[in-house]
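In: Just a sequence and a predicted model for now, questions to come.
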Amino acid sequence: MRGSKIAGLGHYLPENIVSNDQLAQLMDTSDEWITKRTGIRERRWVVGDVGATDLAVPAAQQALAEAGLQASDLDMILFATLSPDINFPGSSCLLQARLGVPGIATLDIRNQCTGFVYGLSIADQFIRSGAMKNVLVVGAEVHSSGLDISTRGRDVAVLFGDGAGAAVLTATEGDSRLLDSALHADGTDYEILMLEAPASRLQPRLTAEMMEQGRHFPQMVGQAVFKHAVKRLPEVIDEVLSRNGLSVADVALMVPHQANLRINEMVARQIGIDPARVYNNIQRYGNTTAASIPIALHEAVLEGRVKQGDTVLLAAFGAGLTWGANLIRW
Ligand code: COA
């Protein structure tokens, strides 16, 4: 039966490392507070005018090279980001131009931290149906240009980092494939994690007063988001495993979204997975939202943590609220 498999992965991180101590020079925070609450020790922040697509290009090129494909082999580009280079058109159009493949389908995915999980599932549907053969799925973010790096914004600013990850999905008849995905959203509480302005629902969309109030920066009710994550992640993991006749014991490696090490540790305890089978790299990169899973998955593969035939579980949650999981037979 036709399905899709990950034929190549790539990732790219800006060189500029920003430590917790450096943040403590910009705002009232400390290495101890950040490390204890989140596990994050440092993150990468771009320098100068660098957009999500600039980070996506090398990640995409690496994924194509790993897959042994050219950009001209692609049928579609899916670009998951909450920090598009410009308001419109979408970053998938910019990336398509940079890869030099005019004419193929492009789509931006606005599902925040769950964007890459949605992207893999969308790509899989197009490939499984026979409509397409090769689809590039990218998650890329530049957060640093949009954070309030004063004490007012410290609850959010210390969490986020810049980066990009990419996967090339290709058609297969073999056993190595994306087995299943579970996708969810609940917009009821969208305001607990949002970036409001510039907003089409406001006239004008952005004013100096709104900027003074910080309404052009992300706003988060941290504890509510935390509670959402530790409820929804175990739920969706159980959903995707049980409907495929599998249990946590069958999972060789889980790659969760990297939002907070404490969340991932709590979820691991809840579902009863050995922490050695959970891949975390938030310590080095912070939360790179849509990019976090492909970056972590690629690092895990490069470190030899995944071998052919393994069952790999990806799980994410984020603003929206959104949450989801992919189950992969490697
Ligand atoms: N440095 C120092 N102190 C900080 C701080 C920072 N960067 N950010 C907030 N604080 C302060 C708060 O002002 C508060 O002070 P107060 O007690 O005097 O009022 C105190 O620390 C505790 O704040 P609280 O929000 O209760 O902390 P917390 O234990 O909930 O941890 C988060 C905050 C953000 C780390 C945590 O809620 C979290 O990780 N939530 C999930 C966020 C997330 O994953 N977002 C992305 C989703 S994809």
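Out: Thanks, I have it.

In: quick one, strands of the chain?
Out: 3-12, 17-19, 42-44, 76-80, 105-109, 134-141, 163-172, 177-185, 193-194, 219-220, 253-256, 311-318, 322-329 (DSSP state E).

In: What is the fourth one packed up against?
Out: I take that to be strand 76-80. helix 52-67, helix 91-99, strand 105-109, helix 115-128, strand 134-141 (3 or more C-beta pairs under 8 Å, 6 or more residues apart in numbering; DSSP states H and E). From N, CA and C alone the C-beta is placed, and that goes for glycine too.

In: could you measure residue 243 against the ligand, distance?
Out: Going from residue 243 to the ligand by C-beta to the nearest ligand atom, to the nearest Å gives 25 Å.

In: for residue 40, that is, sorry about that
Out: Where the ligand is concerned, residue 40 sits at a distance of 9 Å (C-beta to the nearest ligand atom).

In: ok, that residue touching residue 280?
Out: No: the pair residue 40 / residue 280 is not scored as a contact, 10.7 Å apart, by C-beta atoms under 8 Å.

In: Within range of the ligand, give me the residues from the stretch 51-200 of the chain.
Out: 113, 154-155, 158-159, 193 (C-beta under 6 Å from any ligand atom).

In: so residue 221 sits right up against residue 193, yeah?
Out: Yes: in terms of C-beta under 8 Å, residue 221 counts as a neighbour of residue 193; the distance is 7.3 Å.

In: Can you pick out the residue with more neighbours from those two?
Out: Counted by other C-beta atoms under 10 Å, residue 221 and residue 193 do not tie: residue 193 has more neighbours, with 21 against 15.

In: OK, contacts around the more buried one?
Out: By C-beta atoms under 8 Å, 6 or more residues apart in numbering, residue 193 lies in contact with 112, 218-221, 225, 318-319, 321.

In: List just the nearest of those residues to residue 266.
Out: Nearest to residue 266 out of those is residue 225 (C-beta to C-beta; 13.3 Å).

In: Can you tell me who the nearest residue to residue 136 once chain neighbours are set aside pairs with across the strands?
Out: Closest residue in space to residue 136, ignoring its immediate chain neighbours: residue 77 at 4.8 Å, by C-beta to C-beta, 6 or more residues apart in numbering. Beta-bridge partners recorded for residue 77 (DSSP bridges): residue 106, residue 136.

In: What about residue 77, how many residues nearby?
Out: Using other C-beta under 10 Å: residue 77 sits among 29 other residues.

In: How much space separates it from the ligand?
Out: Distance from residue 77 to the ligand, by C-beta to the nearest ligand atom: 24 Å.

In: so how far is residue 279 from the residue of the stretch 101-250 of the chain found nearest the ligand?
Out: Proximity of the stretch 101-250 of the chain to the ligand (C-beta to the nearest ligand atom) peaks at residue 222, 2.7 Å away. Distance from residue 222 to residue 279, counting by C-beta to C-beta, to the nearest Å: 24 Å.

In: circling back to that earlier point, more neighbours, residue 40 and residue 280?
Out: For residue 40 and residue 280, the more surrounded residue by other C-beta under 10 Å is residue 40, and the numbers stand at 26 against 18.

In: Now do the contacts for that one.
Out: Residue 40 touches 20, 34, 158-159, 261, 282-283, 286-287, counting by C-beta under 8 Å, 6+ apart.

In: nearest spatial neighbour of it, skipping sequence neighbours?
Out: residue 286 (4.9 Å).

In: Kindly report the same for residue 24.
Out: residue 30 (5.4 Å).

In: Give me the pLDDT for that neighbour.
Out: Per-residue pLDDT puts residue 30 at 98.

In: Pretty sure it sits against residue 20.
Out: Yes: with contacts counted by C-beta under 8 Å, residue 30 reaches residue 20, the gap being 7.3 Å.

In: Between those two, point out the one with more neighbours.
Out: residue 20 (20 against 13).

In: what about the more buried one, distance to residue 37?
Out: 11 Å.

In: Kindly state the domain boundaries assigned to the protein.
Out: 3-174, 179-329 (automatic domain parsing).

In: before we move on, the earlier item: pick the most deeply packed of the strands of the chain.
Out: Burial of the strands of the chain is given as mean neighbour count (mean count of other C-beta atoms under 10 Å); strand 134-141 ranks first at a mean of 31.
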